[in-house]
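> sequence and predicted model, in that order:
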Amino acid sequence: GDSVTQMEGPVTLSEEAFLTINCTYTATGYPSLFWYVQYPGEGLQLLLKATKADDKGSNKGFEATYRKETTSFHLEKGSVQVSDSAVYFCALSEGQFYFGTGTSLTVIP
Amino acid sequence: GAGVSQSPSNKVTEKGKDVELRCDPISGHTALYWYRQSLGQGLEFLIYFQGNSAPDKSGLPSDRFSAERTGGSVSTLTIQRTQQEDSAVYLCASSPGGPRIETQYFGPGTRLLVL
């Protein structure tokens, strides 16, 4: 069945460091892919999405490219800020939503 | 406009009691989802409503769990005879509807603690 596997955390980075959070998926068809973010004390909110192969989703300096050949949707940001500290969830949708287990990111000044 | 709201925000109950969790989706959204988020775990799908169609209950973990959606809007998740392992954050999300690939909009969740 469909599933999402994402990099385990927690991840701790210094401000302005480069961020990669890996996400790979298993799907029978052509899913849409998402990254959701959960800031401390808040609900999940959509960060970015891509609906077909080779699409790049981007928002707030974060990017992720839908790679069908490697079944991946890795999240990247060139220079993280303290305000990026949150839990990040990779998800796919193909008739039903499947979420990864979440990766906690802490950015220290 | 208003987002998805959930109530209560926190609920503490004793083992064996029944609880009801409420979700108000975004107005006009026809799709509604319930998830459970346990400590250190990802989101576990529970149930999905789409318009007037029969709900997808495939994620409900046991027959102690049930959910209703009245008038295509507000939804209530009921847990009967609560157990300690039911302690988790229960999240509700809604989406405009149509194919189940639409972006979901999440509520703040209800944190349930079963003593």
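Noted; the coordinates are in hand. Numbering: from 1, shown residues only, chains lettered A, B, ... in the order given.

> am I right that residue B:112 sits in a strand?
Yes. When DSSP: H, G, I helix; E, B strand; the rest coil is applied, residue B:112 is found to be in a strand.

> roughly how far does it sit from chain A?
Taking CB to the nearest CB, to the nearest Å as the measure, residue B:112 falls 15 Å from chain A. In this view, the C-beta of every residue, glycine as well, is placed from N, C-alpha and C.

> which residue ranges form the strands in the chain?
Using chain A here. Assigned by DSSP state E, the strands in chain A fall at A:3-6, A:11-14, A:19-21, A:23-26, A:32-38, A:45-50, A:56-59, A:62-65, A:75-77, A:86-93, A:97-99, A:103-108.

> nope, chain B
Using DSSP E, strands in chain B cover B:5-7, B:10-13, B:19-24, B:31-37, B:43-50, B:65-69, B:75-79, B:88-95, B:105-106, B:110-114.

> who touches the second one?
Same thing as strand B:10-13. With CB atoms under 8 Å, 6 or more residues apart in numbering or on different chains as the test, strand B:10-13 has contacts from B:19, B:21, B:82, B:110-115.

> in that strand, what's buried?
Buried residues in strand B:10-13, counting neighbours by 16 or more other CB atoms under 10 Å in any protein chain shown, are found at B:11, B:13.

> now that strand, how far from the chain's geometric center?
15 Å (CA atoms, centre = their mean, to the nearest Å).

> name the nearest residue to residue A:67, ignoring sequence neighbours.
Nearest residue to residue A:67 in three dimensions, chain neighbours excluded: residue A:73, at 7.0 Å (CB to CB, 6 or more residues apart in numbering or on different chains).

> residue contacts, that neighbour?
If a contact means CB under 8 Å, 6+ apart, then residue A:73 has A:23-25, A:33, A:35, A:50, A:64-67, A:90 as its contacts.

> neighbours around residue 87, how many?
Going with chain A. When neighbours are defined as other CB atoms under 10 Å in any protein chain shown, residue A:87 has 19 of them.

> nope, chain B please
Neighbours of residue B:87 under the rule other CB under 10 Å: 18.
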